[in-house]
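Peer 1: requesting a structural model of the entry that follows:
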Amino acid sequence: MYHYNDKEFIHTKDLAMYVIGGKYKIALIWALLQQPVLRLSEIHRLLPAINQRMIIRQLRELERDQIITRQVYPVVPPKVDYRLTEIGLSLRPIVEEICQWGDQYWATVEGASDSTLPDEAT
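Peer 2: This is a model prediction of the structure:
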């Protein structure tokens, strides 16, 4: 049994899914793999389909789990940037594989939907 963040996990795979399994966490990690340091506005520009509130929530969880660091600069207006930690950077091959799988999956389902168009005669 593994205890982390006041939760119990039977397997480390469950722990891994807890840490990176949020709806947009892979997308945020991907963005930080593309550009090592990003501000919130830059992340939102890269991922416009995600509202800012959700981005902040997922970033906080990633920071809590030590996947990213958040640096606040003592200036007005406040400047905050985000970057991957060493353990976060180690997710590169996993995120790249997930992206490649997504491309393959899309090609499969897109091809399947083209070949299964409804017959208009029925």
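
Peer 1: give me the residues contacting stretch 65-83.
Peer 2: Outside stretch 65-83, the residues that touch it by C-beta atoms under 8 Å, 6 or more residues apart in numbering are 5, 19-20, 25, 28-29, 32, 36-40, 43, 59, 62-63, 84-85, 87-88, 91. For glycine as for every other residue, the C-beta is placed from the backbone atoms N, C-alpha and C.

Peer 1: cutoff 6 Å now
Peer 2: 19, 36, 37, 38, 39, 62, 63, 84, 85, 88 (C-beta atoms under 6 Å, 6 or more residues apart in numbering).

Peer 1: mean confidence score for that stretch?
Peer 2: In this model, stretch 65-83 has an average pLDDT of 95.

Peer 1: likewise for stretch 96-104?
Peer 2: Mean pLDDT, computed over stretch 96-104, is 95.

Peer 1: same question for stretch 40-51.
Peer 2: Across stretch 40-51, pLDDT averages out at 94.

Peer 1: buried residues, it. List them.
Peer 2: 40, 43, 44, 46, 47, 50 (16 or more other C-beta atoms under 10 Å).

Peer 1: hey, where'd the strands end up in this structure?
Peer 2: Taking DSSP state E as the test, the strands found in the chain are 2-4, 7-9, 38-39, 68-73, 79-84.

Peer 1: could you export those strands as JSON lines, including mean neighbour count?
Peer 2: As requested, those are arranged in JSON lines below (neighbours: other C-beta atoms under 10 Å):
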{"stretch": "strand 2-4", "mean neighbour count": "11"}
{"stretch": "strand 7-9", "mean neighbour count": "12"}
{"stretch": "strand 38-39", "mean neighbour count": "16"}
{"stretch": "strand 68-73", "mean neighbour count": "13"}
{"stretch": "strand 79-84", "mean neighbour count": "16"}
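
Peer 1: tabulate those (CSV), appending distance to residue 102.
Peer 2: Listed next are these as CSV, based on distance: least, C-beta to C-beta, whole Å:
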stretch, distance to residue 102
strand 2-4, 28
strand 7-9, 26
strand 38-39, 21
strand 68-73, 22
strand 79-84, 20
